[in-house]
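*Asks:* With the input below, show me the fold.
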Amino acid sequence: RTLASAPIEVVGAEVAISGPETVTTGAAFDVSWSSSIHNRDYVTIVPAGTKEGDYGAYIRVGEKTEGRLTAPAETGLYELRYVLNEGRRTLASAPIEVVGAEVGISGPETV
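*Replies:* Residues are numbered from 1 along each chain as shown. Prediction:
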């Protein structure tokens, strides 16, 4: 039996996320978000067009507004996403391109 009740309005949260435009495969990079809604929410990097709720490498936001992620090994277009832990709903996203590393190696012909 309900003894008392009070109306409450649930409103949509507003969060922004940002990171570099490009990052090298396998490199760690900085990412930031405007605020954290819940400490179990997370920031992830996923291939562009990945369905809602899927995730890749991620970090929990805690009470911070910035952190570091590691870029995937495959090149291509990706998205940074701020995701609510409750319901795995994306609140904010930003595009990021993962590019191949340009690495060279040299040494003497004989040793």
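
*Asks:* S18 and S34: what is the separation?
*Replies:* When CB to CB, to the nearest Å is applied, the distance between S18 and S34 equals 9 Å. Where you see a C-beta, it was placed from the backbone N, CA and C, and this is true even at glycine.

*Asks:* T2 too?
*Replies:* Between T2 and S34 the distance is 38 Å, computed by CB to CB.

*Asks:* hang on, isn't P20 packed against A27?
*Replies:* No - the pair formed by P20 and A27 falls short of the contact definition of CB atoms under 8 Å, at 9.6 Å.

*Asks:* nearest spatial neighbour of I59, skipping sequence neighbours?
*Replies:* G67 (4.6 Å; CB to CB, 6 or more residues apart in numbering).

*Asks:* now swap in I96 and tell me
*Replies:* With CB to CB, 6+ apart, the residue lying closest to I96 is Y78, at 5.0 Å.
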